[in-house]
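> Please find the sequence and the predicted model below.
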Amino acid sequence: MARIDGVTVECVRGDITAQEDIAAVVNAANAELRPGGGVAGAIHRAAGPGLEEECRPLAPISPGEAVITGGHGLPNRYVIHTLGPVYGRDEPAAELLASCYRNALRLAEENGVESVAFPAISTGVFGYPVEEAAEVALGTVLEEAPRLGSVRLVRFVLFGEEDFEIHRRVLSRLAGEG
């Protein structure tokens, strides 16, 4: 865990669809904002069909872009959908990935959201190496923290133990704790 200008950044192991104390969860979406595999599939299943209906007119989105919808059947007020880069295809990958986090935080701020939960965007089927992605993700969030007004908590929710350990280690190092 790190605190920057009143913003707490933490990493937890768990299920992004079960973050009941978080106002907005971030969906590692596909360009069409449709249910799919991984995080997008889990979020759409938990939210129900209303989420897909609300998403339809917002699609397609490009890598790095983000849009916001209601939470529907999720315990969260909002879902922020962002399209991460496909590693080795969408370039510059690091800049596009950083834009996912920056644009999601911008939408959270615009909507007065006080807490946001992120998955490890682009690390699943999009092939982004977890450690590299964690460096970009956590580095971007720590860089943005001083500019955040309403967002007070940013949580990275990692499903697997290895992903969690990598993110925890990178956060500790970037925050100057290790």
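Right, received. Where do you want to start?

> Any stretches of the protein with poor pLDDT?
177-178 (pLDDT under 70).

> The residue nearest in space to the middle of the chain pairs with what?
What sits nearest the mean C-alpha location of the chain, by CA atoms, centre = their mean, is residue 118, with 2.9 Å. Taking DSSP bridges as the rule, residue 118 bridges to residue 156.

> ok, it - contacts?
26, 101, 104, 137, 141, 154, 155, 156, 157 (CB atoms under 8 Å, 6 or more residues apart in numbering). The way it works is simple: take the backbone N, C-alpha and C, and place the C-beta from them, glycine included.

> Equivalent analysis for residue 19, please.
Residue 19 neighbours (CB under 8 Å, 6+ apart): 25, 75, 76, 117, 155, 157.

> Let's see if you can find the most crowded of those residues.
Comparing the contacts of residue 19 on neighbour count, residue 25 comes out first with 29 neighbours (neighbours: other CB atoms under 10 Å).

> Can you list the helices and strands that whichever helix or strand that residue is part of packs against?
Following DSSP states H and E, one finds residue 25 within strand 24-28. Under the contact criterion of 3 or more CB pairs under 8 Å, 6 or more residues apart in numbering; DSSP states H and E, strand 24-28 touches helix 38-47, strand 78-82, strand 115-118.

> the inter-axis angle of the longest one versus strand 78-82?
Read it as helix 38-47. 150 degrees (axes from the mean of the first three to the mean of the last three CA atoms, to 10 degrees).

> So which bits of stretch 106-116 are buried?
Within stretch 106-116, the residues that count as buried by 16 or more other CB atoms under 10 Å are 106, 107, 108, 109, 113, 115, 116.

> And for stretch 43-60?
For stretch 43-60, using 16+ other CB under 10 Å, the buried residues are 43, 44, 46, 47, 51, 52, 54, 55, 59.

> Who does the strand holding residue 25 pair with, and is each partner parallel or antiparallel?
strand 78-82 (parallel), strand 115-118 (parallel).

> JSON lines for those strands, including distance to residue 170?
Output for the strands paired with strand 24-28, formatted as JSON lines (distance: least, CB to CB, whole Å):
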{"stretch": "strand 78-82", "distance to residue 170": "20"}
{"stretch": "strand 115-118", "distance to residue 170": "13"}
